[in-house]
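>>> Provided below for reference: sequence and predicted model.
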Amino acid sequence: MGATEDKIKGTANEAIGKTKQGIGEATGSDRLQGEGVIQELKGKGQKAVGDAEQATKDAVNNAAAQANKNL
């Protein structure tokens with residue numbers, strides 16, 4: 001997966017997780033609340049991976065640009 005795809009999937013999982021938590025609270029379903037918490041955390045992890053990938057890509061591109069300037 002690319003950085004952007006990880007960020008998009010992460011955002012979606014966070015939103016779905018929060019929704020599940022809300023529905024779980026409204027219906028009194030501890031199971032659904034728990035699933036929501038797990039899915040939200042999964043989404044946060046995916047977004048963190050996407051951010052790290054993007055930061056790495058940016059650092060490599062900047063280093064390459066600097067190296068090209070020196071040629």
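Alright, I've got the coordinates.
>>> what helix or strand is Thr4 located in?
helix 3-27 (DSSP states H and E).
>>> what's whichever helix or strand comes after that helix packed up against?
Beyond helix 3-27 in the direction of the C-terminus, DSSP H and E gives the next helix or strand as helix 30-69. Applying 3 or more Cβ pairs under 8 Å, 6 or more residues apart in numbering; DSSP states H and E, one finds that helix 30-69 makes contact with helix 3-27. C-beta: built from backbone N, CA, C; applies to glycine.
>>> list the buried residues in the helix it packs on.
Ala3, Asp6, Lys7, Lys9, Gly10, Asn13, Glu14, Ile16, Gly17, Lys20, Gln21, Gly24 (16 or more other Cβ atoms under 10 Å).
>>> which single one of these is nearest to Thr56?
Ala3 (8.6 Å; Cβ to Cβ).
>>> OK, contacts around that closest one?
Gly50, Asp51, Glu53, Gln54, Lys57 (Cβ atoms under 8 Å, 6 or more residues apart in numbering).
>>> any chance of a markdown table for those residues, columns pLDDT?
Formatted as a markdown table, the contacts of Ala3 follow (pLDDT from 0 to 100):
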| residue | pLDDT |
| --- | --- |
| Gly50 | 95 |
| Asp51 | 95 |
| Glu53 | 95 |
| Gln54 | 94 |
| Lys57 | 93 |
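>>> which of the residues you listed are buried?
Gly50, Glu53.
>>> picking up where we left off before, what mean pLDDT does the helix holding Thr4 get?
Averaging pLDDT along helix 3-27 gives 96.
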